[in-house]
Structures are given as structure tokens and as C-alpha cells.
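> need a structure here:
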Amino acid sequence: MERSVVTPAVESERTVSDRITLREYFDQKINAREKYVDAVFTFQKTAVEAALAAADRATTKSEISIDSRLLSMNEFRKALDDAQRLTMPRSEADLRFTTLEASVRGLQQNMLSGAAQSHGESRVWSLVLGLGGLVAGVVAGYLSGGHLH
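Sure thing, here's the model as predicted:
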């Protein structure tokens, strides 16, 4: 027993062939609703896929950024290790400077004593040469006939 659904105002405009049964009416409504739900699901699926793709790209970009940062941190650590390895400890530097100061003082003392000795030797040589010149002058005067009186 199928019944037709027609409003009184529309019934006068419709012919008998335009009338639909209640079942056909609900089938049309259900089909329309299914199409709407399918469209919504398709839209949501597309939106979710786009969001997942964006999240994947963001994750990849973040991983690259972290790798780059870790690489620069490792380079910085290596530079610090090299600096620490190549830098002389303060105690060792103090010991080396103390040793150098002692060596310089010893050289200065040697130079001063050598200069004093050299100065004394040069005085002796000056005296010897001066006396030798005096003797040579006296001998030359005597030989030339100018006797000393």
C-alpha cells in the first residue's frame, strides 16, 4: 500500500504521472543524504591527507634543522677540545717562564763578568801598547842621534 505525498497546493498542478510514492520520496532523500555524506567524507579525507602531508614536511624540515644544529654543535665542541688540547696549562707556563728567567739571569751574569774581564784585559793591552810605544819612541830617538839629556 503505497501512498503518494503531495501537498494540496501542488496537487492541482500535478498530473497523475508526476506523483511519487512515499517510498520514492524517502529513497530520493536517502540518496541525496548519501551523496552529501560522501562529498563531506571526500572533503575530509582530502583535508586530512593535506594535513598529514604538511605534518610530514614539517617533521622532515625539523629533522634537517636539528641535524644541522647538532653538526654545528659538534664542530664547536671539537674546536673547544682542540683549544683545550693545544693550550698550555698555567702551571706549565709558569714553570717554563721561571726556567727562562733563570737562564736569562745566568747569561746576564756571564756577560757582565765577561765584560769586566774583557774591560780589564783591554786596559792591560792599552798599557802594554802604550809602554811599547814609549819604548819604541825612545829607541827611535836614540838611534836617530838625538840623545836624551
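> could you list the low-pLDDT ranges of this protein?
Residues of the chain that meet the criterion pLDDT under 70 lie in 1-17, 114-120, 141-142, 144-149.
> how's it carved up into domains?
1-87, 121-149 (automatic domain parsing).
> list the residues that contact Ala83.
Residues near Ala83 by CB atoms under 8 Å, 6 or more residues apart in numbering: none. Using the backbone N, CA and C atoms, a C-beta is placed for each residue, glycine as well.
> what's the helix or strand for it?
In this structure, Ala83 sits in helix 22-86 according to DSSP states H and E.
> how far off centre is that helix?
31 Å (CA atoms, centre = their mean, to the nearest Å).
> quick one: name whatever helix or strand follows that helix.
helix 90-143.
> ok, Glu92 to Ala83 distance?
16 Å (CB to CB, to the nearest Å).
> sorry, back to before: redo the domains of the chain as CSV? Include distance to Leu112.
CSV is the format used below for those (distance: least, CB to CB, whole Å):
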stretch, distance to Leu112
domain 1-87, 37
domain 121-149, 15
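> so which of these is nearest Thr99?
Shortest distance between Thr99 and those, using CB to CB, is found for domain 1-87: 19.1 Å.
> what about that closest one, distance to the chain center?
43 Å.
> what is the neighbour count of Glu24?
A total of 13 residues lie near Glu24 under the criterion other CB atoms under 10 Å.
> no no, Asn74
10.
> one more: Ala58?
10.
> how about the one 4 residues further on?
The burial metric for Ser62, expressed as a neighbour count using other CB under 10 Å, is 10.
> from now on call the first residue 7
Happy to do that; since the first residue is 7 now, the last one works out to Ser68.
> from Asp100, how far out is it?
50 Å.
> quick one, phi psi at Met94?
With angles defined as degrees, to the nearest 10, Met94 sits at phi -80, psi 140.
> what number of residues lie near it?
Met94 has 10 neighbours, counted by other CB under 10 Å.
> now it. Nearest residue, chain neighbours left out?
Arg102 (7.8 Å; CB to CB, 6 or more residues apart in numbering).
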